[in-house]
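# Could you work out the structure for the sequence below:
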Amino acid sequence: MSLLNKAKESITLAKIKLGHEEAFSDFYDLYVEQIYRFIYFKVSNAEEAQDITSETFMRLWQYILNNQEISNVRALLYRIARNLIIDFYRDKGRGLEVGFIDNYDNENDDDDSHNHPLSANISEVIDIKITMEVVKSALTEIKENHREVVVLHYIEGLEIKEIAEILEKTEGNVRVLLHRGIQELKGILSKDRQ
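Here you go, the predicted structure:
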């Protein structure tokens with residue numbers, strides 16, 4: 001996280017603690033899409049993902065109001081979301097599954113989809129969809145702890161340090177898990193090509 005973003009987070013946290021509750025919407029606006037995508041990726045159900053996303057931000061609100069130390073809001077949000085997803089599957093008596101947001105199928109099925117910038121090049125869209133399906137399939141075959149780190153780093157765009165905070169592991173441990181996950185994916189994808 002850049003120093004500028006860290007400073008903005010600190011200022012926003014201070015405003016909220018001083019009673020400027022509307023400042024919380026800054027965190028919500030900044031992180032809601034990322035957190036929702038992360039949750040939907042895990043639960044594959046829009047309604048459940050919306051509920052868990054709402055609960056994630058409610059828990060962040062409680063952390064702030066309880067004056068708990070928050071060093072990185074984004075990492076905390078992912079950690080809260082991850083724990084809520086674990087609770088979701090524990091309550092449902094199901095194992096953790098991998099789901100995906102298929103941007104082209106789910107978000108562009110309406111009549112306005114012809115306005116999407118990718119619609120001009122249908123072959124590119126098809127290539128992207130095929131690639132996503134191949135990666136989706138390969139991700140389901142790697143170990144859960146490797147998959148989680150790969151998704152957080154490459155799909156969610158989080159830094160190693162933030163992933164370490166979310167998973168409550170060392171940065172070195174996260175790097176090892178990421179390396180192993182990538183090696184597993186490469187092995188699976190190279191088998192698929194043969």
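
# ok, the residue nearest the centre of the chain to I188 distance?
Nearest to the mean C-alpha position of the chain, by CA atoms, centre = their mean, lies F38 at 2.7 Å. Computed as CB to CB, to the nearest Å, the F38 to I188 distance reads 23 Å. (C-beta placed from N, C-alpha, C; glycine too.)

# picking up where we left off before, next up, the contacts around the residue nearest to the centre of the chain.
Y78, A81, V151, L152, E156 (CB atoms under 8 Å, 6 or more residues apart in numbering).

# Just the buried ones from those residues?
Buried members of the contacts of F38, counted by 16 or more other CB atoms under 10 Å: Y78, A81, V151, L152, E156.

# re the thing from before, possible to save the contacts of F38 as TSV with pLDDT and distance to I142?
Formatted as TSV, these follow (pLDDT from 0 to 100; distance: CB to CB, whole Å):
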residue	pLDDT	distance to I142
Y78	92	20
A81	93	21
V151	85	10
L152	87	14
E156	80	16
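
# now, the most widely separated pair of those residues?
A81 and V151 (12.3 Å; CB to CB).

# Give me the buried positions along the strand or helix carrying K15.
For K15, the element it lies in under DSSP states H and E is helix 3-17. Judged by neighbour count using 16+ other CB under 10 Å, the buried positions of helix 3-17 are K8, E9, T12, L13, I16.

# Please enumerate residues in contact with it?
With CB under 8 Å, 6+ apart as the test, helix 3-17 has contacts from M1, A23, F24, D26, F27, I64, N67, I70, N72, V73.

# Give me the angle between the next helix or strand after that helix and helix 3-17.
Per DSSP H and E, helix 3-17 leads on to helix 24-43 as the next helix or strand towards the C-terminus. Following axes from the mean of the first three to the mean of the last three CA atoms, to 10 degrees, one obtains 110 degrees for the angle between helix 24-43 and helix 3-17.
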